[in-house]
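[1] Got a predicted structure plus its sequence, pasted below:
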Amino acid sequence: MEKKRIGYIDAMRGFTMILVVYNHVLGFSFQSDPAFSFNDIFITFRMPLFFFLSGFLMYRPNLFRTGAGVGKFLKKKAMVQLVPTIIFTIAFCLIFRYSYHDLWFEKAKCGYWFTVTLFYFFALYALGDWTLGRFLRGRAKILAGTFAALLVYAFSKYSLSAGCPWANSAICGFVGFANLQYFIFFFIGALVKAHFDAFQDLLDRKGTAGCIVSGFVVLLFALLLPQSRDWIVSRLSFPFYSLLKSVAGLLGIFTVFACFRRNRYFMEHSRVGNWLQGIGTRTLDIYLIHLILIRTDLRFFGDFLSRHANPVTELFLVTAVSIVVIELCLLISDVLRSSDFVAKLLFGKVIKPTEEPVSKS
């Protein structure tokens, strides 16, 4: 089955990619950690949204009906997610004289954790869907899948707790147990795609979007304002506080989704929307390349933001630099993709040449 692209979904992916670059520019390039930043808001939903969209775009009916289909799918995803990541991490270590062993045995992997974790999610979902599909159907399968996703979430959160015996182990860093907390959002994304018509009808109901946005804003104030956050932390144990943050992430996902869906004509037909769609279709390229570019030392910008502590100034300045970084990534990607062999090796795919129309003599 050929997947049909949805313009405002690609635009949403582009928007999320900008937020990822924004965070890395602020932390790695500017080396700035302001008391309050718009990045604090973006963090609540940025990575949950990225994984939600990955699950949404992955889903197709009966994709994992057979074991052979699962194997073919995972082989393809390994070529797209793992091989390029291995190549770019080698390049990263050579350029910055970083230990390859240290990179792969730390949780963040110098930023390259996302593609590795996403492959784990593809594998977990594919194997789980195939296994459950052999015994269950309909709602029973959905409930079993949801329970399994919650177990993965609980295991990940336990791996972050102080009492976990493997919290600081090498295997925990290599696999990235802590990052498995995002699988629940990946699963929800696939679930939404499977029932997309019902989901759209729900968003279009009067008052639904307003309730979602209101709930998200309330949780943002509760989690970000120092006094309310300290009050919540002092009264909730670690698991419940983490669960509250995850609920905020889910509401943030639905808030962004509702905004992009409501403005889908603009996102699919305007210049800004087309630009976001272009970024959204090249997220892998941008992700892999920008982690090298952002290592440029721009601390003078960070010092400027420290002297002039203004979240709005930071928003415009970091966004401007992020756009420059993304455009450089796209330029480098275009050069690399000019070779089909390099494109397949570095990005797991090949740009198909445009067919010339046959002239009639």
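    Perfect, thanks for sending it.
[2] Please tell me how far residue 23 sits from residue 125.
    Per Cβ to Cβ, to the nearest Å, residue 23 is found 26 Å from residue 125. Where you see a C-beta, it was placed from the backbone N, CA and C, and this is true even at glycine.
[3] now swap in residue 202 and tell me
    With Cβ to Cβ as the criterion, residue 202 and residue 125 are 23 Å apart.
[4] same thing with residue 247?
    Using Cβ to Cβ, we find residue 247 at a distance of 22 Å from residue 125.
[5] Which of these two has more residues huddled nearby?
    Set side by side, residue 247 and residue 125 show more neighbours around residue 125, with 25 against 13, by other Cβ atoms under 10 Å.
[6] Can you list the buried residues in the helix or strand encompassing the more buried one?
    Using DSSP states H and E, residue 125 sits within helix 113-133. Using 16 or more other Cβ atoms under 10 Å as the test for burial, helix 113-133 gives 113-126, 128-130, 132.
[7] Helix, strand or coil: sort out residue 64 for me.
    coil (DSSP: H, G, I helix; E, B strand; the rest coil).
[8] How confident was the prediction at it?
    At residue 64, the pLDDT value in this model is 91.
[9] any low-confidence regions in the protein?
    Along the chain, the model assigns pLDDT under 70 to residues 1-3, 35, 350-361.
[10] okay, which residue is most central for it?
    Centroid check for the chain by Cα atoms, centre = their mean gives residue 50 as the closest residue, at 2.6 Å.
[11] From residue 111, how far out is that one?
    When residue 50 is compared with residue 111 (using Cβ to Cβ), they lie 13 Å apart.
[12] Identify the residues contacting the residue nearest to the centre of the chain.
    13, 16, 20, 114 (Cβ atoms under 8 Å, 6 or more residues apart in numbering).
[13] List of residues touching the helix holding residue 125?
    Applying Cβ under 8 Å, 6+ apart, the external contacts of helix 113-133 come out as 47, 50-51, 54-55, 58, 63-67, 69-70, 73-74, 77-78, 81-82, 84-85, 107, 109, 141, 144-145, 148, 152, 175-176, 179-180, 182-183, 186-187, 190, 284, 287-288.
[14] filter these to the buried ones?
    Buried among the contacts of helix 113-133 (16+ other Cβ under 10 Å): 47, 50-51, 54-55, 58, 63-64, 70, 73-74, 77, 81, 84-85, 107, 109, 145, 148, 152, 175-176, 179-180, 182-183, 186-187, 190, 284, 287-288.
[15] Now go through those and say which are in helices.
    Among the buried ones among the contacts of helix 113-133, the ones falling in helices (DSSP state H) are 47, 50-51, 54-55, 58, 70, 73-74, 77, 84-85, 145, 148, 152, 175, 183, 186-187, 190, 284, 287-288.
[16] tell me which element the closest residue to residue 285 other than its chain neighbours is part of?
    Spatial nearest neighbour of residue 285, chain neighbours left out: residue 333 (3.9 Å); criterion: Cβ to Cβ, 6 or more residues apart in numbering. Using DSSP H and E, the element containing residue 333 is helix 311-336.
[17] which other helices and strands contact that helix?
    If you count contacts as 3 or more Cβ pairs under 8 Å, 6 or more residues apart in numbering; DSSP states H and E, helix 311-336 packs onto helix 7-24, helix 38-58, helix 271-280, helix 283-293, helix 299-307, helix 340-347.
[18] again, 7 Å this time
    helix 7-24, helix 38-58, helix 283-293, helix 299-307, helix 340-347 (3 or more Cβ pairs under 7 Å, 6 or more residues apart in numbering; DSSP states H and E).
[19] quick one: the third one to helix 271-280, angle?
    With axes from the mean of the first three to the mean of the last three Cα atoms, to 10 degrees as the basis, helix 283-293 and helix 271-280 are set at 80 degrees to each other.
[20] C-alpha coordinates for helix 283-293, PDB please?
    In PDB, the C-alpha atoms belonging to helix 283-293 read as follows (Å, rounded to 0.1, in the frame of the first residue of the first chain):
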ATOM      1  CA  THR A 283      13.700  15.400   9.200                       C
ATOM      2  CA  LEU A 284      16.200  12.500   9.200                       C
ATOM      3  CA  ASP A 285      18.700  14.500   7.200                       C
ATOM      4  CA  ILE A 286      18.400  17.600   9.400                       C
ATOM      5  CA  TYR A 287      18.600  15.600  12.600                       C
ATOM      6  CA  LEU A 288      21.800  13.700  11.600                       C
ATOM      7  CA  ILE A 289      23.600  16.800  10.200                       C
ATOM      8  CA  HIS A 290      22.600  19.500  12.600                       C
ATOM      9  CA  LEU A 291      24.200  17.700  15.600                       C
ATOM     10  CA  ILE A 292      27.600  18.400  14.000                       C
ATOM     11  CA  LEU A 293      26.800  22.000  13.000                       C
END
